[in-house]
Structure formats: C-alpha cells, structure tokens
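Novice: Build the 3D model from these lines:
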Amino acid sequence: MQTFKKSNKSMELSGNKLSKITLTVSLLFFGMSCTTLAQQPVSERIITINMSASEMLPADLIIFNVNINAEGKTPQEAYKLHQERESLLASVLKELDIKEENIDYEPVRMNRRQINGNRYNTENPEYITATNQSVSITFEDFSMYEKIQLTLIENGFDSFNGQFSSSKIAEGKEKALISAIEAAKERAELIAKTSGVDIGPVSNINYSDHYIGLPQKTSSSMEMMSAARDASMMDFSQTVEVRASVSISYFIE
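Specialist: From the prediction side, this is the model:
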C-alpha cells in the first residue's frame, strides 16, 4: 500500500475510530479426560484460545478498478482493439492527473473460444478471441470518483467498480493483532483461574489478518444531508475494517 497524505476528511474522522473484539474460546485438554487431568504431565496439558479483533479505520482512499475488454475474430484483431482501449484509458488517467505510483495493472490476458456448436459436434467451427486486463487506480480526492466514472462511460468503458480503503491499513492490522493477543491471554487466564489451574508459557501461536473492504457508516447527520440541495452519498463519513485472528495454546501448570 502506498503512503499518502491524510485528507481533511480523514483527519476529522481520526477521533471517531472504533474498535471491536469478537472471540471464540475452545478449551482443549489433549490426550486426557477430566477425571485424569491431575495425573497428566504438565507438557501434555494445554488450553487453546481462538480470538478475533477488528479495528475500524477512517476511509481516506478510494480504490477504483477498471476492466479493459476486447473481442475479435482473430487474435490480432482482438489485441489491436485492446491496445486502442488501453491507450484511451491511459490518456484519460493522464487528463485526470492520476499519478503513476497510484496506478496498478495486470498483463493482458487472452483466450479463444468456440461460438457455434461445441468442440465435439461441428463441421464448420467458428472461434472468437477475447482479451481482459485489470487496472486499479487509487486516489484520495473523493470528488474525483464521479468524474472518473463519467469520463470512462463517455469513452466506451462499461466495466468498473470502486471501494473505500485507508492509508492506515498496516497500522490497523497491527493494532487489531495486538488486541486479539491481549484478549486471548486475558481469557485464558480467566478460564484457568476459574478451573483452579495456572497458565504457563505459550505452546503455539497461529495468526492471520485481512482487510474487509465493505465500508461502515460512522456518526453523521442524516437530516443535514437531506436538507442539502447538492447532497451526495460521498458526503457521509465512512470507515473500513481490518481484522486479525489468533489461535494461542498455553501450557497449564
């Protein structure tokens, strides 16, 4: 993820960041039953805690995805048309002053398929070649979102979508992971204390983190928005969620 200057919108949102913790606790005593717990060696007595925590971050970026597609009766025809559309998109991005470091793209993909009958039953098969290429554009000026869509439609593009993101994804994942680990330890200590045993050193740790692209609404005034003549959904504050999950096993003493 690129590092960007924080927009005014995100600075206003920074004080409204929320966090939440969800958990699943599993108490596992391997190789023993409850009646024989006290007789087992310490090294075989383990409690495992599965914990998830999430961090809500102000949405200060938009990731806009564009698909470049073309079809032709021959590979040469399809590729030539694709190059024309690719060049057109590049020109549009330059006109919108999108910086090179904010543009990511994949190589062109081509496939050939039969368009009449099937490969087992046809006397005169006809084929078509199709191309596809994904381009991702990241920008922090939310007002550009509508402009770029209109520009693409006017130039014949019909396959694109956008999603909110944050320039603080890495920091959010780290905070969520710390929260999950701390919560797992607290829960393990609570269960052990209630069960009349003590928590020992960590036996094993597994963790994962991921970014959830669906935006969540933060506090804003619906009445003020509905009263504004030029109101837009882009005026509402948005947050994005990052989540970390851990599975920690502790020895029981």
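Novice: Run a quick neighbour tally on the closest residue to V108 other than its chain neighbours.
Specialist: In space, V108 comes closest to Q133 once its chain neighbours are excluded; the distance is 4.8 Å by C-beta to C-beta, 6 or more residues apart in numbering. C-betas here are computed from N, CA, C, even on glycine. Residue neighbour count, defined by other C-beta atoms under 10 Å, stands at 19 for Q133.
Novice: Touching, S247 and S52? I think so.
Specialist: No - judged on C-beta atoms under 8 Å, S247 makes no contact with S52 at a distance of 10.0 Å.
Novice: neighbour count winner among those two?
Specialist: S52 (20 against 17).
Novice: At the geometric centre of this structure, which residue do we find?
Specialist: Centroid-nearest residue in the chain, with C-alpha atoms, centre = their mean: Y211, separated by 3.6 Å.
Novice: can you pull the contacts of it?
Specialist: S165, I169, K173, V240, E241, V242 (C-beta atoms under 8 Å, 6 or more residues apart in numbering).
Novice: Name the strands paired with the lengthiest strand in the chain and say parallel or antiparallel.
Specialist: Criterion DSSP state E: the longest strand present in the chain is strand 199-217. Strand pairing for strand 199-217, determined by DSSP bridges: strand 238-252 (antiparallel).
Novice: how distant is the partner strand from the center of its chain?
Specialist: 16 Å (C-alpha atoms, centre = their mean, to the nearest Å).
Novice: any idea which element the closest residue in space to K168 that isn't next to it in sequence lies in?
Specialist: Nearest residue to K168, sequence neighbours excluded (C-beta to C-beta, 6+ apart): L57, at 5.1 Å. Using DSSP states H and E, L57 sits in strand 46-58.
Novice: unless I'm mixing things up, V92 is touching L152, no?
Specialist: Yes - using C-beta under 8 Å, V92 and L152 qualify as a contacting pair, with a distance of 6.8 Å.
Novice: Got the domain ranges for the protein?
Specialist: When the chain is parsed with automatic domain parsing, its domains come out as 8-59+168-252, 61-165.
Novice: Columns mean pLDDT on top of those domains, output as JSON lines?
Specialist: Formatted as JSON lines, those follow (pLDDT from 0 to 100):
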{"stretch": "domain 8-59+168-252", "mean pLDDT": "71"}
{"stretch": "domain 61-165", "mean pLDDT": "88"}
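Novice: can you pull up the bridge partners for the closest residue to T239 other than its chain neighbours?
Specialist: Ranked by C-beta to C-beta, 6+ apart and with sequence neighbours excluded, the top spatial neighbour of T239 is M56, at 4.5 Å. Following DSSP bridges, M56 is listed with bridge partners E241.
Novice: buried sites along stretch 87-95?
Specialist: For stretch 87-95, burial by neighbour count (16 or more other C-beta atoms under 10 Å) applies to L89, V92, L93.
Novice: Hmm, I typed the wrong one, I wanted stretch 68-84.
Specialist: I68, A70, G72, A78, Y79, L81, H82.
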